[in-house]
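Visitor: Here is my input; please provide its structure:
(one chain, ligands or ions: 1)
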Amino acid sequence: MKEQNRKYWNPLLEKSAPEQLLAMELKNFRKLIGYAKEHSVFYQKQLKDVFPEDITSLETVRRLPLIDKEDLRKAQEGKSPFPYGEMLGVELKEVTDFRQTSGTTGKPVYVPESYESWQWRVEVWCHILWMAGFRETDRVFVPFGYNVYVAFWEGHYAAEKLGCEVVPGGALDTRDRISKILELKATALLSTPTYGLHLAEEAFKMGIDPRTIGIKRMLCAGEPLPLATRERLEQSWGAEVYDHIGGTEPCAWAAMCEERNGLHIIEPFFLVEILDMETLTTEVGPGELGVAVVTPLGRRSFPLIRFNTKDVVRQGGNGCPCGRTSKKIAEVAGRADDLRKIRGVLFTPVAVEEIVRREFLEIVEYEIVVQREGLMDEITLRVEPQEEMGVEPSKVFNRRISERLKTKTNLRFRIESVLPGSLPRYTLKSKRFKDLREDKADG
Ligand SMILES: [Zn+2]
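Guide: Model prediction:
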């Protein structure tokens, strides 16, 4: 069989009936509990009174405690063995790869991978890349030095496992990367959305229309990818752009198929619960927003049971024209950590990104700053316009943005223009949202 004609990476799993998938997940969930209690000091304590045979349904799963990043930090700090502490699920000598979280929300978490656990992550990523149409005929360019950050390593190894040719593009500046992509006739990119846009912007400055470069597909990682940003990337590159969701601790756990309409949970590799945001005790229905709680079911080195990702997602139900049977995520709405109350209104920065990327193509970069002035919260959108617009875009332009933002978010924004090139360009995690209030919850 010719590989490039194969539609599914693992047809047996990807077309299993939903109840079969759930049965496999519960079985592996039980195994994981048994394993974790035996091998990880953290779970010996936390699941002292829980036994694998107790888990017979999703309802019984929900009786177990949730854990989050803070629990992982506490289980590591000052605990042995260094640096992984009490979460470690294998002997230290079995660890073959060190990874860590980006630390955008505090002290980083160190994540150990044994060779076996790493291969499990790579297999998950094979599903992701295959769904996004990556095939052995692709030459994949990765425009980053990956350092200790996991997503691009996973993408690199999985692309290799699919039979793609991988070009690591670290230690080059942006223009040299563009030249290299052209020189090698690369066909696919793994990138953050922000850097994907920046590459396109630089190509234009070099007199090259990115649509002529020959990139056919791009998988985004590292940041949220609202529809408007994805469309902007697709137009800039003339390519199909795919999203996925995941994190360093649980691995990537859902991704887009060729329909590019929502994300498939990578079942049965994960048991994913989408829980009511307030109570975290009941599962939300199709179309509703909830917090994703993820249990990766095949990693011994770092067993995670019911990890609260704090990702706010819209439940998407089952069924997809692509024929895959796994549950879907209709939309990634943002981070629970980024949800803020500003003047009593619930605000998420993704709402601003949607407006800016869809309706104001003149804006190259932007930044949202929340400050308290006197008793009032003030929210400022700093915008960096295209050079052609000059330093001082018209008042009409500013008013147009602030009116659109007011409609979308119910908040009044102050619009401030900054000089072209003055806002930071991010390669990995962008930090476009700055809440400088001391008491962020109040408002
Ligand atoms: Zn699908």
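Visitor: so residue 118 touches residue 94, yeah?
Guide: No: contact criterion C-beta atoms under 8 Å: residue 118 and residue 94 do not qualify, at 11.0 Å. The way it works is simple: take the backbone N, C-alpha and C, and place the C-beta from them, glycine included.
Visitor: which one of those two has more residues nearby?
Guide: residue 118 (21 against 16; other C-beta atoms under 10 Å).
Visitor: next one: phi and psi at the nearest residue to the more buried one once chain neighbours are set aside?
Guide: Excluding its sequence neighbours, the residue lying closest to residue 118 (C-beta to C-beta, 6 or more residues apart in numbering) is residue 97, at 5.4 Å. With angles defined as degrees, to the nearest 10, residue 97 sits at phi -140, psi 130.
Visitor: The residue most central in space within the chain sits in which helix or strand?
Guide: Nearest to the mean C-alpha position of the chain, by C-alpha atoms, centre = their mean, lies residue 245 at 3.7 Å. Assigned by DSSP states H and E, residue 245 belongs to strand 244-247.
Visitor: Buried residues in stretch 127-140, which are they?
Guide: Burial within stretch 127-140, assessed by neighbour count using 16 or more other C-beta atoms under 10 Å, is assigned to 127, 128, 129, 130, 131, 132, 133, 134, 135, 138, 139, 140.
Visitor: before we move on, the earlier item: distance check, the residue nearest to residue 118 against residue 162.
Guide: Per C-beta to C-beta, to the nearest Å, residue 97 is found 20 Å from residue 162.
Visitor: Residue 312 too?
Guide: Counting by C-beta to C-beta - residue 312 and residue 162 are separated by 31 Å.
Visitor: go on, residue 134?
Guide: With distances taken as C-beta to C-beta, residue 134 is found 6 Å from residue 162.
Visitor: likewise residue 20?
Guide: Taking C-beta to C-beta, one finds residue 20 at 26 Å from residue 162.
Visitor: do residue 412 as well
Guide: Residue 412 is 49 Å from residue 162, by C-beta to C-beta.
Visitor: likewise residue 18?
Guide: 26 Å.
Visitor: Neighbour count: these two, which is higher?
Guide: Neighbour count, other C-beta under 10 Å: between residue 18 and residue 162, residue 162 has more, with 19 against 13.
Visitor: Can you show me the helices along the stretch 151-300 of the chain?
Guide: 174-184, 193-205, 227-237 (DSSP state H, counting those that start in this stretch).
Visitor: got the angle between the longest one and helix 174-184?
Guide: Between helix 193-205 and helix 174-184, the angle comes out at 80 degrees (axes from the mean of the first three to the mean of the last three C-alpha atoms, to 10 degrees).
Visitor: Enumerate the positions of helix 193-205 that are buried.
Guide: For helix 193-205, by 16+ other C-beta under 10 Å, it's 193, 194, 195, 196, 197, 198, 199, 200, 201, 202, 203.
Visitor: What ranges does the stretch 301-443 of the chain have for its helices?
Guide: With helices called from DSSP H, counting those that start in this stretch, the stretch 301-443 of the chain shows them at 349-359, 395-409.
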